[in-house]
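J.: pasting a predicted model and its sequence here:
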Amino acid sequence: RRHAAATLSIRSEISYVMIKPDGVQRGLVGEIIGRFERKGFKLVALKLFQCPKDIAEEHYKDLSSKPFFGALVEYILSGPVVCMVWEGAGVVKSARKLIGATNPLEAEPGTIRGDLAVQVGRNVVHGSDSAENGERETALWFGKDALVSWEPALAPWLIESN
Ligand code: UDP
Ligand code: MG
């Protein structure tokens with residue numbers, strides 16, 4: 001009963017997190033996934049994926065008028081990406097903090113970009129900027145019913161349920 005309650009209490013928000021092609025090519029997949037695991041969020045979807053152009057363009061459609069849009073889409077298509085969905089109360093904002101500022105030179109040490117990248121055009125990871133975009137991006141990259149429902153054995157050690 002405690003266990004079920006703990007699971008319910010984190011079933012509130014999802015973030016779409018993606019390791020970009022530079023992160024995959026540089027062998028940073030385990031390092032990056034490990035940071036989200038250790039934080040205590042719950043992994044509910046995961047795949048290695050060679051992205052088609054229409055998905056990359058849709059994902060970044062809000063940036064389509066920017067001068068870097070073409071290069072950005074090319075970057076995302078330049079090799080496989082790792083697509084993930086992480087779930088938990090506050091996961092959207094927290095994932096953005098773990099990832100760090102868009103420009104890696106401004107990202108704090110201790111963040112993924114602050115520790116592992118030097119340039120905005122090769123900033124190794126994406127994280128949704130709102131709960132609404134977490135839902136939208138998850139639907140775009142995984143489809144509607146792709147999330148796995150499971151009970152992490154450690155949930156009661158991460159989340160107090162009362
Ligand atoms: N980007 C870029 N040049 C810029 C700004 C952004 O190449 O001047 C790329 C970068 O890969 C960034 C992505 O576009 O991660 C999306 O930009 P956004 O402002 O949404 O940053 P994010 O949410 O990824 O921190
Ligand atoms: Mg963004």
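T.: Yes, it's here. Numbering: from 1, shown residues only. Ligands and ions are numbered 1, 2, ... in the order given.
J.: return the residues of this protein in contact with ligand 1.
T.: For the chain, the contact set with ligand 1 under C-beta under 6 Å from any ligand atom comprises 63, 68, 72, 102, 120-121, 123, 126, 129. Backbone N, C-alpha and C define where each C-beta goes, glycine included.
J.: strands - which of those land there?
T.: The strands, defined by DSSP state E, take in His126 from the residues of the chain next to ligand 1.
J.: which of the residues of the chain next to ligand 1 are buried?
T.: Of the members of the residues of the chain next to ligand 1, the ones counted as buried by neighbours, 16 or more other C-beta atoms under 10 Å, are 72, 120, 123, 126.
J.: most widely separated two among those residues?
T.: Farthest pair in these (C-beta to C-beta) is Val120 and His126. Separation: 12.5 Å.
J.: hang on, the earlier thing: possible to save the residues of the chain next to ligand 1 as CSV with pLDDT?
T.: CSV is the format used below for the residues of the chain next to ligand 1 (pLDDT from 0 to 100):
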residue, pLDDT
Leu63, 98
Phe68, 98
Leu72, 98
Thr102, 98
Val120, 98
Gly121, 98
Asn123, 99
His126, 99
Asp129, 98
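J.: could you list which of the residues of the chain next to ligand 1 belong to helices?
T.: Within the residues of the chain next to ligand 1, residues falling in helices by DSSP state H are Leu72.
J.: in a markdown table: the residues of the chain next to ligand 1, plus distance to Ile112.
T.: Formatted as a markdown table, the residues of the chain next to ligand 1 follow (distance: C-beta to C-beta, whole Å):
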| residue | distance to Ile112 |
| --- | --- |
| Leu63 | 20 |
| Phe68 | 20 |
| Leu72 | 18 |
| Thr102 | 12 |
| Val120 | 14 |
| Gly121 | 16 |
| Asn123 | 9 |
| His126 | 11 |
| Asp129 | 15 |
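J.: farthest-separated two in the residues of the chain next to ligand 1?
T.: Gly121 and Asp129 (18.4 Å).
J.: what's the burial count for Glu31?
T.: 15 (other C-beta atoms under 10 Å).
J.: hang on, the earlier thing: and of the buried ones among the residues of the chain next to ligand 1, the nearest to Thr111?
T.: For these, the nearest to Thr111 is Asn123 (10.6 Å; C-beta to C-beta).
J.: wait, the closest one sits on Thr102?
T.: Yes: counting by C-beta atoms under 8 Å, Asn123 does reach Thr102; the two are 6.6 Å apart.
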